[in-house]
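Quick check, what structure comes out for this input:
(2 chains)
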Amino acid sequence: MTETLPADLTDLYERTILERSRRPRHASRLACFDAHARGDNPMCGDRVDVWVRREAGRIAEIGFEARGCAISIAAADLMAEAAAGLDGAGAMALGERVAELARTGEGEGADLDPLRPLAGVHAFPSRVGCATLAWRALRAALEGSLEVEP
Amino acid sequence: MNVVVAQDLARLREDFPILAEKVHGRPLVFLDSAASAQKPRVVIEAMVEAMEHRYANVHRGLHWMSERATEAYETTRDAVAGLINAPDRHEIVFTRNSTEAINLVAHSYGRGVLRPGQAVVISAMEHHSNIVPWQMLRDERGIELRVAPITDAGELDLAALESLLADGRVGLVSVTHMSNVLGTYVPAARVASLAHRYGAKVLLDGSQAIVHRAVDVQALDADFYVFTGHKLYGPTGIGVLWARRALLEAMPPFLGGGDMIASVTYERSTWADIPHKFEAGTPAIVEAIGLKAAIGYVRAVGYGAIAAHEAALTEHALASLAAIEGVSVLGRAQDRGGVVSFTMDCAHAHDIATLLDRQGIAVRAGHHCAEPLMHRLGVDSTARASFALYTTSEEIDVLAAGIRRVREFFA
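So this is what the prediction gives:
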C-alpha cells in the first residue's frame, strides 16, 4: 500500500476481523437446533440468523448466516466460539460486556480476550451496531427458547 | 457548456464554507450530495439575516415585522413557481420535505379523490417515501398498488407500465423523476402522456431530478411534482408540492389547525383557499427564506452549466470505476444523472464507506431507502457516490484511488 492507513482503521479491521470475515468458521445453519432468531439492522440492511443447539442447559453449538459487512460477520463468528459452553444467562451477560467493549474499547476479563479484536469498533460509532448485531440475535434466540422450555 | 462551471469551479466552491473543512486530517471529498447537499453562503446568510432583522410569524401580525416576514415567505412561493414554471403561484404548497409532500397527496388525493377499486402505480425504483404512503393507503382504503418493473439496464419498462394502465382503473402514477440509486432519469413527459391516455394522473418525485436539471411542470404535463429543499442546496425542513389548481381545490385538507381555515366554530370549520388550505400551523418561515436563496443561487449558476458539468463528472466516474477490477456499477441507463451506485467483490458497502471515510471521502452505503430496488438488483446494499455542482473531476480521481485502496486492503 502506498500510504499507511490511519491506526484506528487498522484497529477496526485488525487481522482476526479480516480473517474471520473472509473465512468464518461457523457460518452455517445447524442441522439440529433448539433456538433460532434473526437480527436485523434496519439502518443498514445487515442481517444475521443465529441457530443455537443446547445440551444440559448450556450452549453446545452456534451456527449463523449473515449478510453484511466484515465487522458483522467476524463478530458473529467470534460469538459462536465465545458463547459455546455458557448457559443462557452467562451468554447474555457476556453479550452485554461485548457491547460495552464495542462502545468504549474497554472491558475486563480473560473471557473477553478472544473478542478484543472487536474493540477497534469503538472509534467508529456508526459501526458499533455491526459488532453487536449477532449478540442481539443470540439474546433473542435464547429468550425465545427459554419461553418454550417446560 | 461546462467550461463556464469548470473555469469558475474554484470560485464557486468558495461559496460553500463547509468544503474547506478537513475530515480525518484530509480535505473533505463530499460525494453524498444526493442524500443532502451542502449549503452556499447565500443560503446561510439569508436565514441568519431573516432571524436577525426581519423575523415574526407570518400571515397574522398586523405589524411591520410580520409583514416583512410574510413578504419574504410568500416571495419564495413565486421563486418556486418560477423555478418549475408553474402557471399559478397558488399551486405551490410548502411541506417539510418530499416525503411529507407525497404523504399529503396520498392522504388528500388518495383518500379524498381516489375510490376503492382504483389503483396507484409506482415503479420498481422508488425511494421508500414513494412506496410506504401508498401501501398505507392500500391497506386502509382498498386501493390497489401496482409496481411497474424496470429493465436490467435500470430503466422504467414503459411497455409494462402501459399494460398496468390498460384496464383503466389506475387513478395515479407516482414515480421518481430520477432514481436516487441508479441515477436513471425517467422519461417523465412520456410517462405523463401514457398515464393521461388511460385516465390517470401523474406525480413525479423530483427530489433528485430538480437538483441537476431544469424542470418545467407544464412541458412535462405533470399533475403533481414534489421536491425537497435540502437536496437543492437549501435548508432542511422545507419541501414543495406543486399540483394543478383543480386538483388541489378538489382535495380535502391534510393537517388541520391554524392558518388553513377560513372560519372556525365548534359546529364546523371552513377551509382557506389554496395553498393555505394545506399549510396548517406556523410554517418553516426561515427555511422558506433559505430555499428562495438556494433557488436564486442555482438559477444564477444555471441549469445548463450544472447539467453539463455533472454529465462530464458522471462520465468520468463511470470510466474510472469501470477500470477498477472487482467493481460493479449498478444500472446503465441511457439517460442518467450524477449518482453512481457500486458494489465490490471483496468488500461490503459499509466497509467500503468506512475505508473511504478515513480517506476524507464521504459516500453513502446501505439500501438508500430503496429496499425493494435492492432486491430487484440482487444486492443487499451498495456504496453510492453522488455529485453536485461543486464536485470536481479531481475528487472523482481521489474516489477512484480510494476504491483501489479498499481493494488492496480487502482483496
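
Can you tell me which residues in chain A are near chain B?
Residues of chain A that fall close to chain B, judged by Cβ under 8 Å from any Cβ of the partner chain: A:1-3, A:5-6, A:8-9, A:12-13, A:18, A:43-47, A:67-71, A:124, A:127, A:130. Quick note: C-beta positions are derived from backbone N, CA and C, even for glycine.

again, 10 Å this time
A:1-3, A:5-6, A:8-10, A:12-13, A:18, A:21-22, A:41-47, A:67-73, A:123-124, A:126-127, A:130 (Cβ under 10 Å from any Cβ of the partner chain).

Among these, which ones are in helices?
Counting by DSSP state H, the part of the residues of chain A next to chain B found in helices is A:8-10, A:12, A:18, A:21-22, A:70-73, A:130.

so what's B:Met51 closest to, chain neighbours aside?
B:Val286 (5.9 Å; Cβ to Cβ, 6 or more residues apart in numbering or on different chains).

my read: that neighbour touches B:His53, true?
No: counting by Cβ atoms under 10 Å, no contact exists between B:Val286 and B:His53, whose distance comes to 11.9 Å.

which of the two has more neighbours?
When neighbours are counted by other Cβ atoms under 10 Å in any protein chain shown, B:Val286 comes out ahead of the other of B:Val286 and B:His53, with 21 against 9.

and B:Arg384, helix, strand or coil?
Of the three states, B:Arg384 takes strand under DSSP: H, G, I helix; E, B strand; the rest coil.

what separates it from A:Ala80, distance-wise?
From B:Arg384 over to A:Ala80 the distance is 32 Å, taken as Cβ to Cβ, to the nearest Å.

circling back: between all of the ones in helices among the residues of chain A next to chain B, which two are at the greatest distance?
Within those, A:Asp8 and A:Arg22 form the most distant pair, 21.0 Å apart (Cβ to Cβ).

mind listing what B:Asp223 touches?
Contacts of B:Asp223 were listed using Cβ atoms under 10 Å, 6 or more residues apart in numbering or on different chains, and they are B:105, B:109, B:172-174, B:192, B:195-196, B:200-204, B:217, B:242-244, B:246-247.

how about 6 Å then?
Applying Cβ atoms under 6 Å, 6 or more residues apart in numbering or on different chains to B:Asp223 gives the contacts B:201-202, B:244.

of these, closest to B:Val42?
The shortest approach to B:Val42 among the contacts of B:Asp223 belongs to B:Arg244, at 31.5 Å (Cβ to Cβ).

pLDDT score for that closest one?
On pLDDT, B:Arg244 comes in at 98.

Report the contact partners of it.
Under the criterion of Cβ under 6 Å, 6+ apart, the neighbours of B:Arg244 are B:Asp223.

So what touches stretch B:321-333?
Counting contacts by Cβ under 6 Å, 6+ apart, the residues touching stretch B:321-333 from outside are B:153-155, B:182, B:184, B:341-346, B:377, B:382, B:403, B:407.

What about the residues you listed, which one has the most neighbours?
Comparing these on neighbour count, B:Ser341 comes out first with 31 neighbours (neighbours: other Cβ under 10 Å).

Identify the residue spatially nearest to that one, adjacent ones excluded.
Excluding the flanking residues, the one nearest B:Ser341 by Cβ to Cβ, 6+ apart is B:Thr382, at 4.1 Å.

go on, A:Ile17?
Closest to A:Ile17 by Cβ to Cβ, 6+ apart is A:Ala74, at 4.3 Å.

With B:Gly256 instead?
Nearest non-adjacent residue to B:Gly256 (Cβ to Cβ, 6+ apart): B:Ala280, at 5.9 Å.

Look up which helix or strand the residue nearest to B:Met51 falls in, please.
The secondary structure element spanning B:Val286 is helix B:285-301 (assigned by DSSP states H and E).

wait, doesn't the residue nearest to A:Ile17 sit right on A:Leu18?
No: contact criterion Cβ atoms under 6 Å: A:Ala74 and A:Leu18 do not qualify, at 7.7 Å.

Tell me which of these two has more neighbours.
In terms of neighbours (other Cβ under 10 Å), A:Ala74 is the more surrounded of A:Ala74 and A:Leu18; the figures are 26 against 18.

Quick one: residues contacting the more buried one.
When contacts are counted by Cβ under 6 Å, 6+ apart, A:Ala74 touches A:17, A:20-21.

How about B:Arg245?
B:Arg245 is in contact with B:88, B:91, counting by Cβ under 6 Å, 6+ apart.
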